[in-house]
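Asks: Curious how this folds, go ahead:
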Amino acid sequence: MKNTKRETWAFPLRALAIPASLLLCASLACTAPAPQETTEEVTAPTSSVRLSYTGCGITKKAFMAELAEAYKAKTGVEIDISGGGATKGISNASAGNADLGGGCRHKIAGTEEANAQQVHVAWDALVSVVHPDNPVSSLTSEELKNILTGETTLWSTVGGDSAVRIAVGARNGKISGVGRMVRELIFNDVGADYASDALSYPSSGPLEQAVESTRSMIGMTGVSSAKKRAVKILSIDGIEPTYDNIASGKYPYFRPLFIYVGADASPEVRDFLEFARGPEAQALIRAQGTVNLEDGAGLASQYADTMRSLQLQPELWELASL
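Replies: Sure thing, here's the model as predicted:
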């Protein structure tokens, strides 16, 4: 008879031994050590180059501070910025007293601006501004011209306060950025005068401040500056100076904004100009609400027609790109 007794097998105890390290790991729920995060410090670029900008306060407010900040972050080059008006900017660039000159008008004939090269970077528009409490919100182009030249003297004539005399604010002289372009785009006569009793201001900033505090005043300035003030911007012929209306040319008083440089501009200055006309800077300009080159591309031919109608020399107003 076959033996059915179940056989048992004996294993040596050492064969079942579990390393102590594994037992300890299991009891402590071992996990692999987390990888150490490393952060690489990004060093901002530095440069010994320092450029200077002076001139048009409207151009400065439109985009210059933002472009300077972005350019410093990109290259390390710092740009010192000061105002003083378009005429100062153009003449200083022409004489080599500033690397960059801001201008909201084209060059005019004369020795002081002869060596300046104008580089088109954006579009602005002339706007009429009044105190926020002024009931007038729109003027026709003819009404505006008559007010600025002194033919219309009472606000009630154009739907404003009864028997209140209009105080006209104007820029000094006939060649300031705003003063010259008002004469070209509104008066259609570069020799025309404002009202004989117009209040004169050395730059757009003080004029805008006066309008902010004087209910009876009207003044002309650039939209890029006016929209940052506590003033009411008037529509012209029922058209508001919005971004789209300026970019399309529907709003009538558009004008180019320039950066001026000297005839012998350094490579560092030319590098900045290339940046200013490039996609990064142009996007920044648009973000400030100022019409950039791409969006205002259709304005060039209309602007040229206006300049030709005034019989101005093309080399003074051409929209160059250096």
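
Asks: only C-alpha atoms for contact and neighbour calcs from this point on.
Replies: Will do.

Asks: ok, residue 121 to residue 221 distance?
Replies: 19 Å (C-alpha to C-alpha, to the nearest Å).

Asks: which one of those two has more residues nearby?
Replies: More crowded of residue 121 and residue 221, by other C-alpha atoms under 10 Å: residue 221, with 27 against 24.

Asks: so the more buried one, which of the three states?
Replies: Using DSSP: H, G, I helix; E, B strand; the rest coil, the structure places residue 221 in strand.

Asks: try residue 255
Replies: Classification of residue 255 using three-state DSSP returns strand.

Asks: Just the pLDDT for it.
Replies: If you check residue 255, the pLDDT there is 97.

Asks: show me the residues around residue 57 that make contact.
Replies: Going by C-alpha atoms under 8 Å, 6 or more residues apart in numbering, residue 57 touches 83-86, 102, 203-205, 225.

Asks: need those in TSV with pLDDT, neighbour count and distance to residue 57, can you?
Replies: Listed next are the contacts of residue 57 as TSV, based on pLDDT from 0 to 100; neighbours: other C-alpha atoms under 10 Å; distance: C-alpha to C-alpha, whole Å:
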residue	pLDDT	neighbour count	distance to residue 57
83	90	20	5
84	90	16	7
85	91	26	6
86	94	30	8
102	96	34	8
203	88	23	8
204	90	28	7
205	90	18	7
225	91	20	8
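
Asks: Can you convert those residues into TSV and add a column each for distance to residue 312 and secondary structure?
Replies: Shown next, in TSV, are the contacts of residue 57 (distance: C-alpha to C-alpha, whole Å; DSSP: H, G, I helix; E, B strand; the rest coil):
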residue	distance to residue 312	secondary structure
83	27	strand
84	25	strand
85	22	coil
86	19	helix
102	21	strand
203	25	coil
204	25	helix
205	29	helix
225	27	helix
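
Asks: Am I right that residue 181 is in a strand?
Replies: No - applying three-state DSSP, one finds residue 181 to be helix, outside a strand.

Asks: Grab the nearest non-local neighbour of it.
Replies: Computed as C-alpha to C-alpha, 6 or more residues apart in numbering, the closest residue to residue 181 that is not its neighbour in sequence is residue 105, at 6.6 Å.

Asks: How are the helices of the stretch 201-322 of the chain distributed by residue range?
Replies: Secondary structure of the stretch 201-322 of the chain, counting by DSSP state H, counting those that start in this stretch: helices at 204-213, 223-226, 243-248, 267-276, 279-287, 299-309, 314-317.

Asks: before we move on, the earlier item: for the residue nearest to residue 181, I want the exact helix or strand it lies within.
Replies: Assessed by DSSP states H and E, residue 105 sits outside every helix and strand.

Asks: Tell me how many other residues surround it.
Replies: The local packing of residue 105 (other C-alpha under 10 Å) involves 24 other residues.

Asks: Next, find the distance separating it from residue 86.
Replies: Taking C-alpha to C-alpha, one finds residue 105 at 7 Å from residue 86.

Asks: Residue 237 now?
Replies: 28 Å.

Asks: still on that earlier bit, point out the one among the helices of the stretch 201-322 of the chain that comes closest to residue 185.
Replies: helix 299-309 (7.8 Å; C-alpha to C-alpha).
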